[in-house]
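> Would you be able to build a 3D model of this:
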Amino acid sequence: MDATTDKEPLVQEQIYNALCYLGEAEPEEILHCCDEYLRQHDKLAYPHRVIILKAMETVVKNNISSLDKSTAKVVIFLASNEMTKSKEVVWEWQQAASSVLVAVGQRFINKVMEEVLTKFQPGILPHYFVMQTFANLAVSN
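Prediction:
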């Protein structure tokens, strides 16, 4: 996954494709690896995080029926944190994280709603992508 930092778009696309391909064979393993990698590389620039998040979304979408509850929780927590890590709107990064939540929400809507609702603080304007995620969850369900 370290190759996601390569500046060459073709290499980045190959990493995305490789993650998706491996995700077909071992979806739980790939999702846990992506989670661990993003947690360990907290300073990784957002364009590189986007590649991993998009691969996670694809793996989730293609394997939603076989995803277990514990893996779903891990993915939901990671995506929620990625989405709200920056107070500023960083469109591509936060949209990728939001899309992961919407994908998981196809089967684990209660868990996704529970997590996203924790991002609401009384008296504070909610993050743009919290509202965007609610809207997309409503549309997809």
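> what ranges do the helices span in the protein?
For the chain, the helices defined by DSSP state H cover 9-25, 27-40, 46-63, 69-84, 91-104, 109-117, 128-140.
> surely residue 102 meets residue 132?
No: using Cβ atoms under 8 Å, residue 102 makes no contact with residue 132, being 9.5 Å away. Quick note: C-beta positions are derived from backbone N, CA and C, even for glycine.
> okay, the two: which has more neighbours?
Shown here are residue 102 and residue 132; by other Cβ atoms under 10 Å, residue 102 has more neighbours (24 against 17).
> Look up the closest residue to residue 59, ignoring the ones flanking it.
residue 23 (3.3 Å; Cβ to Cβ, 6 or more residues apart in numbering).
> count of neighbours near the one you found?
23.
> try residue 115
Counted with other Cβ under 10 Å, residues neighbouring residue 115 total 19.
> go on, the one 10 residues further on?
Neighbour count of residue 125, defined by other Cβ under 10 Å: 8.
> and it, what pLDDT?
On pLDDT, residue 125 comes in at 91.
> how close does it sit to residue 9?
36 Å (Cβ to Cβ, to the nearest Å).
> And residue 35, by the same measure?
Residue 35 is 25 Å from residue 9, by Cβ to Cβ.
> Pull the contacting residues for residue 105.
Contact partners of residue 105, counting by Cβ atoms under 8 Å, 6 or more residues apart in numbering, are 112, 113, 137, 140, 141.
> Neighbour-wise, give me the winner out of the residues you listed.
Most surrounded of the contacts of residue 105: other Cβ under 10 Å gives residue 112, at 26 neighbours.
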